[in-house]
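Engineer: Sequence first, then the predicted structure:
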Amino acid sequence: MTTPTTSYKLLSTAVVTASGGVLHRITHASKTTNCEMTLALFFPKTQHTSPQPDTPLLYWLSGLTCNDTNFSQKAGPVAFRTAEEQGIVLVIPDTSPRGDAVKNADRYDLGQGAGFYLNATTEAYKDHYNMYDYITQELPTLLQTEFQLSGKFTSLTGHSMGGHGALTIAFKNPTKYVSVSAFSPICEPSGCGWGKLAFDEYLGGAEMGEEYDATRLMKKYGPFKGLDDILIEQGAADDFLEQGQLQPEKLVEAAKSVGQTITLNMREGFDHSYFFIAAFIDNHVKFHGERLNAKMASTK
């Protein structure tokens, strides 16, 4: 018997829930980022043993300095168990292109590990830093082709830079995603140090980044009728909140101005770490699971 060829390489497989859910790590050659990309996929036991093409997907987008492993190792035990209960596949991509040929920077908030989920246009970065197209186009195609996951019912969540990515991708494609949430998101990157640096380097100027700014997108295109609520989790003891990098109040204000329902949970004592994410990730997976499963049921 001939073994079918695939466009990815399986790096590892592990059973990660008591009921038999499985975590795969894979790598593949990306035409969008022009490098090898690594990601993790959590399959509930039902999807692992009896694949269904319309199984709901929830993308987790990580933050600055992270790769595909941080979430799995630090918040995975809770997230995987809840995803198993909800019957959801979790898609956990890397945060940027990587490799010797990929331009990097000698700082944590630019270059490898800091892709900002946009398509770069500057000469120095445009060949590789196209994470927006990778998340919205190439990765869904890979999942459909290689894992028979249609992506018909898909939601987004993420942390910090990844929360920015989840919000902006959902706002730019409001009919493609069922729901969106975020932990400690960069809500107005055009008006904070992290965002201004990224937009200057990747796009050629902070003013060029408005189409990748959740607050500006909300003001311009909101409300988003398909999003009955937007769930935001924010630690009240987060140093980056105090430094003005996150600015959730700006997004809430913008949402109220256009009539968009949004829920901001300020969590006393919590900081920017994965301890914070692990404490509340089950609420977010349930939030998406309820909406994904209701949407799927309404189409039958």
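Structural biologist: Cool, got the structure.
Engineer: Could you check how far the residue lying closest to residue 244 once chain neighbours are set aside is from residue 275?
Structural biologist: Spatial nearest neighbour of residue 244, excluding adjacent residues (CB to CB, 6 or more residues apart in numbering): residue 192 at 5.8 Å. (C-beta placed from N, C-alpha, C; glycine too.) For residue 192, the distance to residue 275 equals 23 Å [CB to CB, to the nearest Å].
Engineer: and if you look at residue 90?
Structural biologist: Noted for residue 90: a distance of 20 Å to residue 275, by CB to CB.
Engineer: just residue 64 next, same as before
Structural biologist: Counting by CB to CB - residue 64 and residue 275 are separated by 17 Å.
Engineer: higher neighbour count, these two?
Structural biologist: Ranked by neighbour count (other CB atoms under 10 Å), residue 64 and residue 275 place residue 64 first, with 22 against 12.
Engineer: Just to be sure, the more buried one is in a helix?
Structural biologist: No - Residue 64 sits outside any helix when classified using DSSP: H, G, I helix; E, B strand; the rest coil, being coil.
Engineer: show me where the stretch 51-200 of the chain has strands.
Structural biologist: Here the stretch 51-200 of the chain has its strands, by DSSP state E, counting those that start in this stretch, at 57-61, 89-93, 154-158, 180-183.
Engineer: Deepest-packed of those, please.
Structural biologist: The highest mean neighbour count among these, using mean count of other CB atoms under 10 Å, belongs to strand 180-183: a mean of 29.
Engineer: Just the residues contacting that one, thanks.
Structural biologist: 155-160, 162-164, 166-167, 170-171, 227, 230-234, 276-277, 280, 284, 287-288 (CB atoms under 8 Å, 6 or more residues apart in numbering).
Engineer: For stretch 11-24, give the mean pLDDT please.
Structural biologist: Averaging pLDDT along stretch 11-24 yields 97.
Engineer: May I have it as PDB, with CA atoms only?
Structural biologist: Extracted in PDB, the C-alpha atoms of stretch 11-24 (Å, rounded to 0.1, in the frame of the first residue of the first chain):
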ATOM      1  CA  LEU A  11       6.900  16.500  14.900                       C
ATOM      2  CA  SER A  12       5.200  14.900  17.900                       C
ATOM      3  CA  THR A  13       1.900  13.400  19.100                       C
ATOM      4  CA  ALA A  14       0.700  13.100  22.700                       C
ATOM      5  CA  VAL A  15      -2.500  12.200  24.500                       C
ATOM      6  CA  VAL A  16      -3.200  15.200  26.700                       C
ATOM      7  CA  THR A  17      -6.700  14.700  28.200                       C
ATOM      8  CA  ALA A  18      -8.000  11.900  30.400                       C
ATOM      9  CA  SER A  19     -10.700  11.200  27.800                       C
ATOM     10  CA  GLY A  20      -8.200  10.700  25.000                       C
ATOM     11  CA  GLY A  21      -7.700  14.100  23.300                       C
ATOM     12  CA  VAL A  22      -4.600  14.400  21.300                       C
ATOM     13  CA  LEU A  23      -2.100  17.200  20.700                       C
ATOM     14  CA  HIS A  24      -0.100  17.200  17.400                       C
END
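Engineer: What are the buried residues along it?
Structural biologist: Within stretch 11-24, the residues scored as buried using 16 or more other CB atoms under 10 Å are 16, 17, 21, 22, 23, 24.
Engineer: Now, these that are in strands?
Structural biologist: 22, 23, 24 (DSSP state E).
Engineer: So which of those residues is the closest to residue 219?
Structural biologist: Residue 219 has its nearest neighbour among these in residue 23, at 38.8 Å by CB to CB.
Engineer: Count the neighbours of residue 220 for me.
Structural biologist: Per other CB under 10 Å, the neighbour tally for residue 220 reads 13.
Engineer: which element is it on?
Structural biologist: In the assignment (DSSP states H and E), residue 220 maps to helix 214-221.
Engineer: quick revisit: how much space is there between the residue nearest to residue 244 and residue 241?
Structural biologist: Going from residue 192 to residue 241 by CB to CB gives 11 Å.
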